[in-house]
Structure formats: structure tokens, C-alpha cells
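Peer 1: Fold the following, please.
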Amino acid sequence: MIEQITTLFRLCYPGIVRSEGSVRRTLSHEENHILTRFEGDALVGAAVYYDDRILMLCVHPDYRGRGIGSELLTECENAIRAAGYPSVFLSAGKKYLTPGAPMEFPGFEGNRAFFEKRGYVHTWGEGECVDMMLTMEDLDDLGVHLGDTVPGVSKKQTLDPDDTSNRFIYRFATPEDMEKTADCVAEAADYFVKYYQNRAPYEGKGGDHVLIAENEEGLVCGALLVTEGGEAAGLGSVGCTSTRKSFAGRGIATNMVKAGTMFLKEAGMTYGYLGYTYTDIIPMYGRAGYQVSMKYFMGEKKF
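Peer 2: Alright, predicted model coming up:
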């Protein structure tokens with residue numbers, strides 16, 4: 001069954017960047033409840049939910065417009081309401097296939113309208129949740145590489161380029177850097193700290209790395225996760241960008257993304273990717289060449 005649902009998910013959302021193993025593991029979680037629709041032996045619709053979250057709602061393209069999606073959505077809602085939850089959310093949560101309901105890609109221009117018609121609202125207000133990608137073949141040299149030392153710059157204040165606290169070397173962290181890197185992330189974005197307390201990326205295991213911006217006084221002022229081929233061969237990713245609040249606005253985040261992306265290109269990656277990001281930092285990633293590849297409807301419906 002899980003194989004069939006995975007195939008249906010891939011058919012419905014071909015632009016979603018998730019490895020086959022990751023999709024299967026998420027769908028197979030013991031907390032999940034699965035609803036299906038068959039036409040003979042063929043799976044034509046499926047919904048997966050847990051707690052108050054709908055992980056997936058898919059209908060085969062050849063069977064849309066027959067009410068299958070509406071029926072599955074209603075069954076999910078009824079079960080979630082009966083369990084005592086005040087709202088139902090579209091994906092996200094402690095495990096997810098997509099941050100929200102995928103929308104605005106070929107074949108799904110009406111996906112948001114489908115949910116809004118049924119009482120869902122976008123919980124991010126005017127903000128957008130997106131994935132971004134770039135093609136390495138089209139990428140010019142971004143001007144920042146691992147090992148470079150670059151003075152911070154600011155549009156709001158004059159900074160001394162010779163000030164050792166304002167000169168940053170961009171390098172991969174080692175296990176000895178883990179504690180001070182986590183300290184930086186805790187100040188910048190504490191919800192990312194858990195990702196920086198795992199020793200493996202500091203050792204470069206599984207193609208994962210921690211890229212840091214460290215000033216010449218030894219203070220880690222920024223951190224970024226960089227992965228070679230994590231979700232698919234030839235696909236590199238950057239994410240969980242964090243800059244100390246006291247050093248924000250000096251170009252550190254942009255330079256980390258540029259250095260990480262250049263590493264991925266030099267490592268032979270075909271594409272660069274980042275997922276589950278948001279409106280305010282789209283321009284920062286855009287300066288390294290990333291473009292929005294998917295938007296998500298972060299839907300909620302109150303009962």
C-alpha cells in the first residue's frame with residue numbers, strides 16, 4: 001500500500017524535492033491514518049493524516065473532478081474533529097511531506113482555491129512559504145568561496161574593514177566548533193539549534209556539512225547547513241541560515257549562502273535547492289541565484 005501511495009504522491013506532485021526513502025518513511029509512520037479510493041485494483045485517491053494534520057491529499061489526474069478529493073478531505077476533517085481537535089492543518093507539524101498544500105505549479109493552479117472554497121485560510125497572512133532552486137550550469141562565480149576572509153558591510157553604518165571583529169572567514173566547522181556554533185544559532189534562531197547539535201555534519205558524514213562565518217577574534221557569527229546529494233543524486237542543498245542578531249545586516253548570511261553554493265557547484269552538483277523558506281529571506285537567497293520553484297498554501301480550518 002505504501003508503495004502505491006508513494007507512486008501517487010510522485011505523480012501528483014512531480015516538483016516536490018523529497019527522496020523516495022524519505023517519502024516512504026513519512027507515509028509509513030505508525031501515527032498515520034490512511035484513507036484510500038480505488039478504481040478496480042488502481043489507487044486513484046489517497047489521504048494521510050495524523051493528529052490534527054493532513055500530510056497528503058492526492059487524486060490521480062485522470063480521476064479529478066469526480067468529488068474524490070472532497071470526500072477524502074471531509075473524512076479527514078470528520079475524524080480530526082471527532083478526536084477533539086479545534087482545527088485541522090494542511091501538513092507541516094512534527095513530520096511532513098510538504099510544508100503546506102503545494103500550489104502554483106503546472107496542473108495545480110487551482111489547488112489553493114480548492115481548499116479556500118472549503119473553509120481553509122492561509123495562516124501566514126501576506127507571507128509566502130516557498131521552495132527555491134537553481135541550475136548550477138547557469139551559475140556564474142558568486143565571488144565568495146570556502147576559506148575566504150571577507151569584511152562585513154552595512155547600509156546602515158560605517159564599518160572598519162580592518163576591525164578584526166568585522167572580518168569573517170567562511171569555512172566548514174569541525175566537531176570542536178559544535179558548541180560555539182550552537183551558541184551562535186541559539187541567539188539567531190533557537191528553533192534551528194537542534195540541527196546544529198548533531199555531530200555528524202561537523203564530521204562531514206553523509207554529505208552534510210556545517211558552514212560557519214567566524215570572525216578573526218574566534219566568534220562564530222553565522223552558520224549554514226550544506227548537503228551534497230541529500231534528497232537525490234546531483235542535488236545539493238543549503239538551509240537553516242542563522243546570523244547572530246548583534247552581527248545582522250553585514251552580509252554574513254548572503255556570503256554563507258554564496259560560499260556554500262559555490263562549494264556545491266565545485267563538488268559536481270547539478271542543482272542547488274532550499275526548502276520551506278519564507279518571503280522575508282527570498283531576496284537573500286536570490287542574490288546567490290536561487291529562484292522560487294514551489295509555493296505552499298499554509299492552510300488551517302477551524303471547526
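Peer 1: how near is residue 215 to residue 141?
Peer 2: 24 Å (Cβ to Cβ, to the nearest Å). Where C-beta positions appear, they are placed from N, C-alpha and C, glycine not excepted.
Peer 1: And for residue 266?
Peer 2: In terms of Cβ to Cβ, residue 266 sits 10 Å off from residue 141.
Peer 1: Likewise for residue 293?
Peer 2: When residue 293 is compared with residue 141 (using Cβ to Cβ), they lie 23 Å apart.
Peer 1: what does residue 129 give?
Peer 2: 30 Å.
Peer 1: Residue 16 touches residue 294, doesn't it?
Peer 2: Yes: counting by Cβ atoms under 8 Å, residue 294 is a contact partner of residue 16 at 7.1 Å.
Peer 1: which residues touch stretch 15-27?
Peer 2: 2-3, 5-6, 9-10, 34, 48, 55-56, 95-98, 102, 105, 131, 133, 230-232, 235, 273, 275, 293-294 (Cβ atoms under 8 Å, 6 or more residues apart in numbering).
Peer 1: Selecting buried members of the residues you listed in ChimeraX, what would you type?
Peer 2: To isolate the buried members of those in ChimeraX, using 16 or more other Cβ atoms under 10 Å:
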select :5,6,9,48,55,56,96,97,98,102,105,131,133,230,231,235,273,275,293,294
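Peer 1: So which of the contacts of stretch 15-27 are in strands?
Peer 2: Members of the contacts of stretch 15-27 lying in strands (criterion: DSSP state E): 34, 48, 55-56, 102, 131, 133, 235, 273, 275, 293-294.
Peer 1: Dump those residues into a markdown table; add distance to residue 76 and pLDDT as well.
Peer 2: Converted to a markdown table, these look like this (distance: Cβ to Cβ, whole Å; pLDDT from 0 to 100):
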| residue | distance to residue 76 | pLDDT |
| --- | --- | --- |
| 34 | 10 | 98 |
| 48 | 9 | 97 |
| 55 | 10 | 96 |
| 56 | 10 | 96 |
| 102 | 17 | 91 |
| 131 | 24 | 94 |
| 133 | 30 | 95 |
| 235 | 31 | 94 |
| 273 | 29 | 95 |
| 275 | 24 | 92 |
| 293 | 27 | 91 |
| 294 | 22 | 91 |
